[in-house]
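# need a structure here:
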Amino acid sequence: MPDIDGLLPDPVPDHPLLRGRQEIGRGESTIVLEADTVDGQERVFKVLSSPTDYAYYTADDRPTGPHFPIVYTDHGTFGRSSRGFPFHIVEVERLYPLPGSGDAAEVATKLSTSYFDACMMWRNLAQDMGRIALHHLVVTPMGWTDALKESLKAVEDFSTEYGALPDLIKADNLMMRKDGTLVFSDPVFME
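Model (predicted):
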C-alpha cells in the first residue's frame, strides 16, 4: 500500500542493475533511478510494482508513437513490493518535468484542464467518469494535433483493454523530452 504521502514506501530492490544508482523520482507504484546514457540517449530504470504500469511499458499492444515513452529493455522481475506484486525493472528514455511555460506546458495544461472539466461533467458515472472523460477528449474537437489525437485514442484503447483508469491530472503523468515533445509518461492506473 502507498504510505501516507501516496508514494510507494518500498526501498529500492537490491538488484545488480540498481545498486549505487541515484533515485530521481517515486510515485504511487514506481521508483525511478538514473541509468547510463547510451549513444547520447539518457535513460532511466523504472521499477514498476503495478501490473498496469508494467503492461503500459511492455505489452505488445501498448501505445506507441511520438507521445509515448521509448522502452529499451525489460530486465525482468526482482522481488515483491509491499502491495504483493512483483517488481519489474524496465529501462526507458529519460523524460523531464514540464516547465512553467512553452508549447508542451500549454498543451499539457489544456489536456489536464479539459480532462478535469470532462470528469466534472461525467462525475455522476462514478468509476467510469475518467474513461468517459478521456473519450470526450478523443471525440470532441479541441484543436489537438493529429498525433496528439491518435495518442489520446491509444490511451483510451489501452485503458479499456487493460481495465485501467486514465489519469491526465497529476503533474508527473505528462512529461517531455529535451526537444519539447509532450509524452504521456504515466497516464493510467490500476482499478
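
# what's near enough to touch residue 77?
Shown in contact with residue 77 (Cβ atoms under 8 Å, 6 or more residues apart in numbering): 86-89. For glycine as for every other residue, the C-beta is placed from the backbone atoms N, C-alpha and C.

# biggest helix in this structure, by residue count?
Longest helix in the chain, counting residues (DSSP state H): helix 103-121.

# In which helix or strand does residue 15 reside?
Using DSSP states H and E, residue 15 sits within no helix or strand.

# Skip the chain neighbours and tell me the closest residue to it.
residue 78 (4.6 Å; Cβ to Cβ, 6 or more residues apart in numbering).

# Where does the record place the domain boundaries for this protein?
By the record's domain assignment, the chain is partitioned as 23-93, 103-190 (automatic domain parsing).

# Next, the distance between the ends of the shortest one.
For domain 23-93, the first-to-last residue distance is 15 Å (Cα to Cα, to the nearest Å).

# re earlier: for the domains of the chain, which one sits closest to residue 12?
Of all the domains of the chain, domain 23-93 sits nearest to residue 12, with 5.8 Å by Cβ to Cβ.

# ok now that closest one, how far from the chain's centre?
In terms of Cα atoms, centre = their mean, to the nearest Å, the centre of domain 23-93 is found 9 Å from the chain centre.

# Mean confidence (pLDDT) on it, please.
Domain 23-93 comes out with an average pLDDT of 95.

# Same question for stretch 111-130.
pLDDT averaged over stretch 111-130 gives 82.

# Residues in contact with it: which ones?
So stretch 111-130 is contacted by 132-134, 136-137, 142, 159, 165-169, 174, 191 (Cβ under 8 Å, 6+ apart).

# just the strands in this protein please.
Per DSSP state E, the chain carries strands over the ranges 23-26, 30-34, 43-48, 71-80, 86-93, 164-166, 174-176, 182-184, 188-190.

# Out of all residues in this protein, which is the farthest from the middle?
Here the chain reaches farthest from its C-alpha mean at residue 124, the gap being 25.9 Å by Cα atoms, centre = their mean.

# Let me see the contact set for residue 18.
12, 33, 45, 47, 89.

# Over to residue 14?
residue 79.

# How many residues are close by residue 24?
12 (other Cβ atoms under 10 Å).

# May I have the residues that are in contact with residue 64?
residue 154.

# so which of the contacts of residue 18 comes closest to residue 62?
Nearest to residue 62 among the contacts of residue 18, with distances taken as Cβ to Cβ, is residue 89, at 16.8 Å.

# what's the closest non-adjacent residue to that closest one?
Closest residue to residue 89 apart from its sequence neighbours, by Cβ to Cβ, 6+ apart: residue 75 at 4.0 Å.

# Is it correct that that neighbour is in contact with residue 58?
No. At 10.5 Å, residue 75 and residue 58 do not qualify as touching, with contact defined as Cβ atoms under 8 Å.

# Looking at per-residue confidence, what score does residue 165 get?
Reported pLDDT for residue 165: 80.

# so it touches residue 159, yeah?
Yes. Applying Cβ under 8 Å, one finds residue 165 in contact with residue 159, separated by 6.7 Å.
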